[in-house]
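# coordinates only, sequence not included:
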């Protein structure tokens, strides 16, 4: 039984959190992370956690996942 009044995901008042992590700040200064597959620079800052992919590798990875059945 589900309760429709229950909040599943609540954003922080300043717009931060998970939603902010998905936005790319192209104006941010500093070193850029290299793609973990091809080594090309990405648009993400070097201090961003997780594995970073350039747009080409991200697209290719999405194609592989979509075609894997």
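That came through fine. What you are looking at is a predicted structure, and each value in this text was computed from that prediction instead of being measured.
# Averaged pLDDT, stretch 50-61. What do you get?
The average pLDDT for stretch 50-61 rounds to 90.
# Tell me how many other residues crowd residue 40.
Close neighbours of residue 40, defined as other CB atoms under 10 Å, add up to 13. C-beta: built from backbone N, CA, C; applies to glycine.
# Quickly note the distance from the nearest residue to it once chain neighbours are set aside to residue 37.
Once its chain neighbours are removed from consideration, residue 40 has its nearest residue in residue 54; the separation is 4.6 Å (CB to CB, 6 or more residues apart in numbering). Taken as CB to CB, to the nearest Å, the spacing of residue 54 relative to residue 37 amounts to 8 Å.
# who has more neighbours, these two?
Regarding residue 54 and residue 37, a neighbour count based on other CB under 10 Å identifies residue 54 as having more, with 20 against 15.
# List the residues that contact residue 41.
32-35, 54 (CB atoms under 8 Å, 6 or more residues apart in numbering).
# Give me the phi and psi angles of the closest residue to residue 38 other than its chain neighbours.
Among residues not flanking residue 38 along the chain, residue 57 sits closest, at 5.6 Å (CB to CB, 6+ apart). Here is the backbone geometry of residue 57 (degrees, to the nearest 10): phi -70, psi -40.
# go on, the one 4 residues further on?
When quoted as degrees, to the nearest 10, the phi and psi of residue 61 stand at phi -60, psi -40.
# longest strand of the chain?
Counting residues, the longest strand in the chain under DSSP state E turns out to be strand 41-45.
# Okay, now the sheet partners of it, with direction.
Each strand that strand 41-45 pairs with, and the sense of that pairing, follows from DSSP bridges: strand 32-34 (antiparallel).
# Which parts of this protein are helices?
For the chain, the helices defined by DSSP state H cover 18-22, 55-66.
# and among these, the most buried is which?
With neighbours defined by mean count of other CB atoms under 10 Å, none of the helices of the chain is more surrounded on average than helix 55-66, at a mean of 12.
# who's in contact with residue 30?
For residue 30, the residues meeting the contact criterion (CB under 8 Å, 6+ apart) are 45-47.
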